[in-house]
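S.K.: Next comes the sequence, and after it the predicted model I'd like to discuss.
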Amino acid sequence: MNATESKNAFSYEDTLSFENAIGFENKYLYEQDPAFSPEMNRKKAIEVKDLNLWYGGNQALKKIYLDIPKNKIFSLIGPSGCGKSTFLRTMNRMNDMISNCRIEGKVCVDGENIYGKGIDVTGLRKRVGMVFQKANPFPMSIYENIAYGPKIHGVSKKEIPGIVEESLRCAALWDEVKDRLKEPALSLSGGQQQRLCIARTLAVKPEVILFDEPCSALDPISTGKIEELMAELKKDYTIVIVTHNMHQAARISDCAAFFLSGELIETGKTAQIFENPQDKRTEGYITGRFG
Amino acid sequence: MMRSNYDSELTKMREDIILMSRISTNMFEQCMRLFFDERAVSIQNLEEMKKQQEVIEKEIERTAAKLITLQQPVAKDTREIICAVLIAADWMKISSHITDISDISVLCTEKIELDSEEWKMLRLIKDAAEKMLNGAAEAYRTRNTDKALFTAETDDEIDRTLWKMWNNFPESGGGSSFSFYPLMIAEHIERIGDHAANICEEIMYLEKYEQVRLNN
Amino acid sequence: MSYENRYSDELGQDPVLKKKTARRKKQELYQKTAFLLIKLSAAAAILTLIIIIGDIVLKGYPAVTIEFLTRMPVNQMTEGGILPCVIGTVELILLSLLTAVPLGVIAAVYMTEYAADGKIKCAVEEAVNTLAGTPSVIFGLFGMALFIKYIGLPQSLLTASLTMGLLIMPVIIRTTQEALLAVPKEYREASRALGATKWETIRCVILPAAYSGLITGIIISVGRAAGETAPILFTGAVYYYPKLPDSVFSPFMALSYHLYVLATESMNIELTRSLQYGTALVLLAIVFSMNLIAAGVRRHYKKKLSSN
């Protein structure tokens, strides 16, 4: 192991300083917040080590090291085209669907490198779910939309109605649709459709949920409902959200990472990033004085 | 463009603070001249300057509230706005102490013996205070944290000299030569020094995101 | 109200605006002419359709009786019914669809979802497009050469259906491909993100969403299968067969061929004129009713899939 790798190596036996435990050039500031106590910090949902990604000849992600703690909301901020959506999609291997995409490096979900050999990609996508920018319910009924995931993964017919109800309750949508489960999903409003997509993802019981700008197409009230939902969900799931809206990131996330031109510039607790950013570029972006 | 509007409002707030600091230092200088200088100084002048300062302070508060609501500032901008309000309040407090000192000058009908012990020590205190006020004003203008720290230390001088003045207080009523007025004035100046040290604390917070205690 | 009238009080003799109104008048004239031509073309198309159908209906209606539909032809086609032709045509349509639709849909799925963009894919697409435009008589000759001469099948319903299947397959491939491409890529992403494999996505999400386009392709093909005479000419259709086709290996009678022969080669053309119109009417009726069924199925799926 060379010097860089040994600096990154995180062992659960480390008891004292947590600055050592984090990857290269990350700056987490863990203060007196009990939510960031040493015991909680040891649980990392996803660890990214030296991730590089190319679209054809163009390098879209450069040497990313990042750790995503469990049961927290982690936001990725940055200007358009900085690679945050691309980075999000590497975490559940959605970039495999793009033909000229090449990836080097490790992304470890629960300790296992998902870009290693012999990884079951469909199983991975069950554990790491994704909600997209524009709500995309299938052109089927509400019930069938939610039942799709469990059916695909072989859940028995008897259990499915229970799963559908549970998912819709978790997504705060049950009361609004319980009388019309057989109606087409496309008849719901935009905010309801997005919550349906969240319920659909919850139905396969993931560990991590990735949100790619989920509220960018929604009005403020629907946005507020989804933000409340995310705050509830983080108790049971790890949430990673890409957002253009900095104030949303400031409101809901526990940790934040700032991306610029494919590089990770700064990461840390949200309060620290927004009150006292260490890097000039981060400050320039969040105060809106960017180029 | 939204940000250029925002930046110009911030710049205007900064300039208002600088203006307030100049008014206060000016007021202090004039007020001290009431005692240490033979030429007559109008007290009305001082009152007007204080009123002018009040108007500027209100303006700063209004702008701060508007910027927080409309621009949702983060990081340094937030600190900038909050510190502007706090520093403006401190300059106002300094000015009200100065007008209190000027009221003393009305009461002081006796002849001022500038060579006496008390008045000499008051002169020391006055010089230190002047240094502090100028230092605080300049530290804000240039955003120099070293100057702020240095200025705050001058407060110790004032405290020590005041303590000495109290020690000199005669034990039993004293002779007719002892004058109480310097002591009264020195008390006010000591508080002016404390407020100036507060301003230096706020400049440190603004620049370095550190909350220090420079007052003791 | 023209520009000039509305503002003439305020404008008076303003030279600049007067120039504008002249130009505007010219443009309005062009627009009116263009719209008129467009309307006339639309009217011509509709009129043509009405004339053809009207003619057939009016002249064929008297000939179509229950007897006509249910009896075998007698007396050298001058009397009797066209039952074998009706059955033959319906069976031909169904068997051709059975040949073409599964193969065509699978080919279209492969081209849209699995094939990598490249020279091969381009070549295949061009081949399909060319085939779609190839004259039907060439399909007939090909069918004869391949199925009858080379493979050795008899002239029969099977051979004719296979040939007709080849004819309609390019159309099915093309329309299915369009339908699949029209399904938004968000559905594929959402399905894959839930952990479904590519085939599960296609089977459960994409194909159902593409049904209406698929069925449109089938509707178009039904018309061609029912009406094309050349492909079945050499491969299985006969002018007269004493009984109804009892197996796929027997020759059969078809409405399109029957009509052709009645109109050109029968013993007494004038006498059979009403029979000809009747045959044409029945052919039209079969095609329309099959189209209606398919359209109904398509509407059912559209309603199921889209919002209210």
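M.R.: Thanks, I have the structure now.
S.K.: Remind me what the helix or strand hosting residue B:128 packs against, helices and strands.
M.R.: Under the criterion of DSSP states H and E, residue B:128 resides in helix B:117-142. Packing partners of helix B:117-142 (3 or more CB pairs under 8 Å, 6 or more residues apart in numbering or on different chains; DSSP states H and E): helix B:2-36, helix B:145-168, helix B:181-208. The way it works is simple: take the backbone N, C-alpha and C, and place the C-beta from them, glycine included.
S.K.: So which other helices or strands are in contact with the helix or strand just after the longest one?
M.R.: Going down the chain from helix B:2-36, the next helix or strand is helix B:43-71, by DSSP H and E. Packed against helix B:43-71, as judged by 3+ CB pairs under 8 Å, 6+ apart, are the following elements: helix B:2-36, helix B:75-107.
S.K.: I'd assumed residue A:47 was in a helix, is it?
M.R.: No: secondary structure assignment (DSSP: H, G, I helix; E, B strand; the rest coil) places residue A:47 in strand, not in a helix.
S.K.: ok, it to chain B distance?
M.R.: Using CB to the nearest CB, to the nearest Å, residue A:47 is found at 28 Å from chain B.
S.K.: Now do the same contact list for the closest residue in space to that residue that isn't next to it in sequence.
M.R.: The shortest distance from residue A:47 to any non-neighbouring residue, by CB to CB, 6 or more residues apart in numbering or on different chains, is to residue A:108 (4.5 Å). Contact analysis of residue A:108 by CB atoms under 8 Å, 6 or more residues apart in numbering or on different chains lists A:46-49, A:114.
S.K.: Any buried residues in stretch A:59-74, and which?
M.R.: Across stretch A:59-74, burial judged by 16 or more other CB atoms under 10 Å in any protein chain shown covers A:60-61, A:63-74.
S.K.: do stretch C:283-301 as well
M.R.: C:283-287, C:290, C:294, C:298, C:301.
S.K.: with the residues you listed in mind, which one is nearest to chain A?
M.R.: Checking the buried residues of stretch C:283-301 against chain A by CB to the nearest CB gives residue C:301 as the nearest, at 9.6 Å.
S.K.: looking at this, that closest one is in a strand?
M.R.: No: with three-state DSSP as the criterion, residue C:301 is helix rather than part of a strand.
S.K.: Tell me the residue of the stretch 51-200 of chain A that sits nearest chain B?
M.R.: Closest point on the stretch 51-200 of chain A to chain B, by CB to the nearest CB, is residue A:77, at 11.4 Å.
S.K.: tell me which element the residue nearest to residue A:47 falls in.
M.R.: Here residue A:108 is assigned to strand A:101-109, by DSSP H and E.
S.K.: need the next SSE after that strand, C-terminal direction.
M.R.: Following strand A:101-109 in sequence order, the next helix or strand is strand A:112-113 (DSSP H and E).
S.K.: Contacts (any at all) between chain C and whichever helix or strand comes after that following strand?
M.R.: Sequence-wise, the next helix or strand downstream of strand A:112-113 (DSSP H and E) is helix A:121-127. Yes: using CB under 8 Å from any CB of the partner chain, helix A:121-127 reaches chain C at A:122-126.
S.K.: Can you name the residues of chain B that neighbour chain A?
M.R.: B:2-3, B:6-7, B:72-78, B:209.
S.K.: Return the member of the residues you listed nearest to residue C:272.
M.R.: residue B:2 (85.3 Å; CB to CB).
S.K.: Report the closest residue of the stretch 151-291 of chain A relative to chain B.
M.R.: Taking CB to the nearest CB, the stretch 151-291 of chain A has residue A:276 as its residue nearest chain B, at 4.4 Å.
S.K.: Tell me, what's the model's pLDDT at that residue?
M.R.: On pLDDT, residue A:276 comes in at 88.
S.K.: need the contact list for it.
M.R.: B:75, B:209.
S.K.: The residues of helix A:121-127 next to chain C into a markdown table, with extra columns for pLDDT?
M.R.: Below are these laid out as a markdown table (pLDDT from 0 to 100):
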| residue | pLDDT |
| --- | --- |
| A:122 | 91 |
| A:123 | 92 |
| A:124 | 94 |
| A:125 | 94 |
| A:126 | 94 |
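S.K.: ok, of the residues you listed, which come out buried?
M.R.: A:122, A:124-126.
S.K.: Phi, psi for the residue of the stretch 51-200 of chain A closest to chain B please.
M.R.: Main-chain torsions, residue A:77, degrees, to the nearest 10: phi -120, psi 160.
S.K.: in its sheet, what does the strand holding residue A:108 sit against?
M.R.: With DSSP bridges as the test, strand A:101-109 is paired with strand A:44-55 (antiparallel), strand A:112-113 (antiparallel).
S.K.: Just give me the residue right at the centre of the chain.
M.R.: Here I'm looking at chain A. residue A:240 (2.2 Å; CA atoms, centre = their mean).
S.K.: My question was about chain B, not that one.
M.R.: residue B:94 (4.1 Å).
S.K.: so who does it touch?
M.R.: B:24, B:28, B:133, B:192, B:195-196.
S.K.: make it 10 Å
M.R.: B:20-21, B:23-25, B:27-28, B:53, B:129, B:132-133, B:136, B:188, B:191-196, B:198-199 (CB atoms under 10 Å, 6 or more residues apart in numbering or on different chains).
S.K.: Next one: residue C:27, what pLDDT does it get?
M.R.: Model confidence at residue C:27 (pLDDT) stands at 92.
S.K.: Which secondary structure element is home to it?
M.R.: helix C:15-60.
S.K.: Please export the alpha-carbon coordinates of whichever strand or helix holds residue A:67; CSV is fine.
M.R.: Taking DSSP H and E as the criterion, residue A:67 maps to strand A:58-69. In CSV, the C-alpha atoms belonging to strand A:58-69 read as follows (Å, rounded to 0.1, in the frame of the first residue of the first chain):
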residue,chain,number,x,y,z
ASN,A,58,-13.8,13.3,-21.8
GLN,A,59,-13.1,12.8,-18.1
ALA,A,60,-16.2,13.6,-16.1
LEU,A,61,-15.1,12.6,-12.6
LYS,A,62,-11.6,13.0,-11.3
LYS,A,63,-10.2,11.2,-8.3
ILE,A,64,-13.2,11.2,-6.1
TYR,A,65,-12.8,10.0,-2.5
LEU,A,66,-16.0,10.2,-0.5
ASP,A,67,-17.7,8.5,2.4
ILE,A,68,-21.4,8.5,2.9
PRO,A,69,-22.6,7.9,6.4
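S.K.: tell me the most buried of the strands paired with strand A:101-109?
M.R.: Sort those by mean neighbour count, taking mean count of other CB atoms under 10 Å in any protein chain shown, and strand A:44-55 sits at the top with a mean of 19.
S.K.: In chain B, which residue sits nearest chain C?
M.R.: Closest point on chain B to chain C, by CB to the nearest CB, is residue B:72, at 32.3 Å.
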